[in-house]
Each structure stands twice: as C-alpha cells, then as structure tokens.
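[1] One predicted model, sequence on top.
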Amino acid sequence: MMNISILGSGGWGTALGLILNSNRNKVTLWEYDTEYAHTLNEYRENFYYLPKIKIPDRIRITNDINEAVRNAELIVISTPTQFIRNVIENIKDITFTNRVILSVSKGIETHSLMTVSQIFQDVFTKIDKKNITVLSGPSHAEEVAKNIPTAVAAAGYVEKNSEIIQKTFSNKHFRVYRSNDVLGVELGGALKNVIAIAAGIADGAGFGDNTKAAIMTRGIREITRFGMRFGAQENTFMGLSGIGDLIVTCMSKHSRNRFVGEEVGKGKKLKHVLAEMKMVAEGVATTESTHELSKKINIELPIIEQVYRVLFHGKDPHQATEMLMTRNLRDEK
C-alpha cells in the first residue's frame, strides 16, 4: 500500500483515484476550488467531470495542496497541462528523496514549449530526472471509472520507478506496460490530440471514413517524425501511447478534442466552442505549441499545420483538405 496524492480532481484524476483506491492504496484527491472540494466531500460524486460515479469514503478530498502532498510517496499530476506550472509552484521546494512524481496529463505548454516532465524539471528545486514518470494510452476516464478493460504505458528514466507505477496501478481492469521512453510517451499522448481535432474537423465538414483513416494513418507518421527529431523512439509511437491513443481519441464519442474539431468543421468559431465546454480540450493549446516547435526545428507537419490554420486563422476546412490532397506526390515512406 502506498500513500498517493492526486493533484487535479477532473474526470481523469478521479478515475485514477478509483483505480488506486481499489488496489488498496491510501489516496488523497486535491481539488483547487474550495467550494467544489466541499461539494465532492459532501456528495462523493464528481458532478462536473465524472457524474453518476460514486467516490468511496476511503478517498480523502482536500483543497490544501501542502496537506495533500505532505506524506505522499507518489504524486500524480492530472491537472490540464497549461495550469500545471501554477499548481506545482506552490510545492516547488518539496524533497523527492523517497517520492516519485507521475504525469498523466497530455500536452505541451504554450509559452515555454515544454512537455510536462520538462516543466517538472524547470519548477521543482530538489527533483532529479529519476524521480519523474509519465503514463499515457487509450484511456477515457468515463470507461476507466466503470472498470472497462484498459491498457496504457508508463515510462520512467529508471526501470525501478516504471515498475512502481506498473505494479501500483495494474489490476484485472487496468493493465500497465513499461517503457523507458519518457519523451516518446509524452509526445504521443500530446500530439494525438491535434490529429483527433483534424479527424473531428473531417466529421464536421461531412467527409467520410476514407478521409478519417487517411488522417489517422498520415497523422501517426507526423507524430513519429516529430518525436524522433527530439530523440524519442520510433517504436513508442506504434504502441499504446501512440497509435493506440490516436485511435481511441479520433473515434470515440468521449473525445473532447474530436468534438472540438467536429464543431469547428460544422462552421462554428473556436472561441464559441470552447466557451460552451466545461472540460479542457488539451489539443487546442498543443496545436499552437507544436506549430511553433515545428517552425523552430524546421520540420514539415502538413496535417498539424492545416489544423493550426483552421483553428487560429479561420481557414475553411474544405480548403485545408484540398491543400493536403494536392501537395507534391511522394513515396509513402
């Protein structure tokens, strides 16, 4: 049994809390909003992000972040990527001698262009890379909370800590595979959200299954090419945190990123779509971050580039699609 703190009580953080609790760990769930923390404590249900799922009384819920991490052996960060820096600044001086930190968030920070593991190294004053782990894969919170069989990948800089995550989370409903490719697991989880927006745009614009299959197939090639330029391993993108997560996010009714793309594909303005959503679609900010990174390293990402132009410059989805279809012909590899 471990003392585990989850920072972020959204749907994903809550679902993972249920998994960890069922595995007989001592779980503390941190909620940033004082009033909603009281609501969670009183009703034991996450009405906003995971309705109709009971939160066991054994899971402690608090609004005090220092209290939440005080005795934690494992700190799980499930806050949306763009808010992580502000959250962990409050605990930046904690020691990591006997702690492991795990990112389950999927994105790239906009102003710094950092992945979450890089944000950890930038903010925490007493952290070592060996303390950092990440988890990603095809795993909608709505299904994990209902014990629908799910498989994901966990990566760390040292195998011992990858094994800790694997053993702590795994059970008959939730299976964790190990990896040593931290950056690859992170980038696969982040960039698949951008491709999911592209798939949603295709749905909203009235294209068919052929179009979506092309987007997904060529999309994973863009993600792989991008990741390898930063030193990630090619095989990672053929696994759960790459093609696996891409499939579920492009196809699922639960996918917030696919939904955003679909609404934009129908002709709605991005700002109006986002204003009507309670949950965060990480792929929107990641589209902007990836666009900036691609320019910095001079790498061609045709699908991601067109998603960027549709979202942030109002380009017509049909024109964007025509641009992709009429590019110079080339070998598939």
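    Arrived safely.
[2] Surely A15 touches I148?
    No: taking contacts as Cβ atoms under 8 Å, A15 lies outside contact range of I148: 10.6 Å. Backbone N, C-alpha and C define where each C-beta goes, glycine included.
[3] ok, the two, which is more surrounded?
    Neighbour count, other Cβ atoms under 10 Å: between A15 and I148, A15 has more, with 26 against 12.
[4] So that one lies in a helix, does it not?
    Yes: counting by DSSP: H, G, I helix; E, B strand; the rest coil, A15 is located in a helix.
[5] Make residue 1 into 34 and carry on from there
    Shifting the count to begin at 34 puts that one at A48.
[6] Tell me how far it lies from G272.
    21 Å (Cβ to Cβ, to the nearest Å).
[7] Let me know the pLDDT of L146.
    You'll see L146 listed with a pLDDT of 98.
[8] how close does it sit to L216?
    Where L216 is concerned, L146 sits at a distance of 13 Å (Cβ to Cβ).
[9] and if you look at K59?
    From K59 over to L216 the distance is 31 Å, taken as Cβ to Cβ.
[10] who are the neighbours in contact with T47?
    L62, N79, Y82, L83, I86, I88, A174, A178 (Cβ atoms under 8 Å, 6 or more residues apart in numbering).
[11] Tell me the secondary structure at the residue most central in space within the chain.
    Most central in the chain under Cα atoms, centre = their mean is K139, positioned 2.2 Å from the mean C-alpha point. Three-state assignment for K139 (three-state DSSP): coil.
[12] And for the residue nearest to it when sequence neighbours are not counted, the neighbour number?
    Leaving aside its chain neighbours, K139 sits nearest to G222 (3.9 Å; criterion: Cβ to Cβ, 6 or more residues apart in numbering). Neighbour count of G222, defined by other Cβ under 10 Å: 33.
[13] My read is that G222 contacts L279, right?
    No: if you go by Cβ under 8 Å, G222 and L279 don't touch, sitting 9.6 Å apart.
[14] element containing I37?
    Following DSSP states H and E, one finds I37 within strand 36-40.
[15] what's the answer for Q199, then?
    Element membership for Q199, per DSSP H and E: helix 192-202.
[16] which parts of that helix are buried?
    N194, S195, I197, I198, Q199, T201, F202 (16 or more other Cβ atoms under 10 Å).
[17] elements contacting it?
    Counting contacts by 3 or more Cβ pairs under 8 Å, 6 or more residues apart in numbering; DSSP states H and E, helix 192-202 packs against helix 44-55, strand 107-110, strand 133-136, strand 165-169, strand 183-189, strand 207-212.
[18] The third one pairs with which strands, and in what direction?
    Which is strand 133-136. Using DSSP bridges, the strands paired with strand 133-136 in its sheet are strand 107-110 (parallel), strand 165-169 (parallel).
[19] quick check: angle from the last one to helix 44-55?
    Here the directions of strand 165-169 and helix 44-55 differ by 110 degrees (axes from the mean of the first three to the mean of the last three Cα atoms, to 10 degrees).
[20] now strand 165-169: mean pLDDT?
    For strand 165-169, the per-residue pLDDT averages 98.
[21] Then the shortest one?
    Averaging pLDDT along strand 107-110 yields 98.
[22] can you give me how far that strand is from the chain middle?
    14 Å (Cα atoms, centre = their mean, to the nearest Å).
[23] try the last one
    Between the centre of strand 165-169 and the centre of its host chain there is 10 Å, according to Cα atoms, centre = their mean.
[24] cool, stretch 270-288 as well?
    With Cα atoms, centre = their mean, you get 11 Å for stretch 270-288.
[25] cool, stretch 281-290 as well?
    Using Cα atoms, centre = their mean, the offset of stretch 281-290 from its chain centre is 12 Å.
[26] Identify all contacting residues around that stretch.
    In contact with stretch 281-290 (Cβ under 8 Å, 6+ apart) are residues 171-176, 225-230, 232-233, 245, 248-249, 252, 291, 310, 312-317.
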